[in-house]
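*Asks:* need a structure here:
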Amino acid sequence: MEAVPGIADLAGADAGFGRLGVFGLRMKVWWSKDRLTRALANGAASIDSRELALRAGQITAKHTREIVASSIDDVLEQAARPKVVLSSQIPIDRAKVKAVSEALTQLADRLRSREPVRPQGMALVLLLLTDPERPLFGLAGVAELSRAIIRAGERLDGPSAEDGP
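*Replies:* Model (predicted):
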């Protein structure tokens, strides 16, 4: 049985890149991380390109999962605090966040678990927390935010594009 190549194999000297090539790949991914994250969220397979593979590895790493889970905790804490009049933070709809607090807590717990996560789910969670046009920050209601959280959670565990139809 042939071993599946890891991120290091895709980006390393075995792929014919050398050190400078690996650095170039990492810089290319860094510059296009938003586009790559959106592509993964929309169902692009991480095996479609070296860039997608590297980005998928970055966002599914344990360290990233912990940071994202902590960000969810921060959103929940912000919703529980009294509203600040002047702040540089993007405002959140406190009532909407409080209404889905249990689902957000479960999502954070899932990210902290030892179970692996799929790139599409992590990309959806990242966009949920960082994209001002997503339901957390936008004009969407509680039902749409709840659906977005459920969808992200399902994609953390469910079949991905790599699994085929």
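
*Asks:* who are the packing partners of the one helix or strand residue 128 maps to?
*Replies:* Element membership for residue 128, per DSSP states H and E: helix 119-130. Applying 3 or more Cβ pairs under 8 Å, 6 or more residues apart in numbering; DSSP states H and E, we find helix 119-130 packed against helix 33-41, helix 50-60, helix 62-80, helix 142-157. Every residue, glycine included, has its C-beta placed from N, CA and C.

*Asks:* which strands or helices does the longest one pack on?
*Replies:* Counting contacts by 3+ Cβ pairs under 8 Å, 6+ apart, helix 62-80 is packed against helix 94-99, helix 101-112, helix 119-130.

*Asks:* quick one: the nearest residue to residue 96 once chain neighbours are set aside from residue 100, how far?
*Replies:* Excluding its sequence neighbours, the residue lying closest to residue 96 (Cβ to Cβ, 6 or more residues apart in numbering) is residue 142, at 5.3 Å. Look at residue 142 and residue 100: by Cβ to Cβ, to the nearest Å, they are 6 Å apart.

*Asks:* neighbour count: these two, which is higher?
*Replies:* residue 100 (23 against 15; other Cβ atoms under 10 Å).
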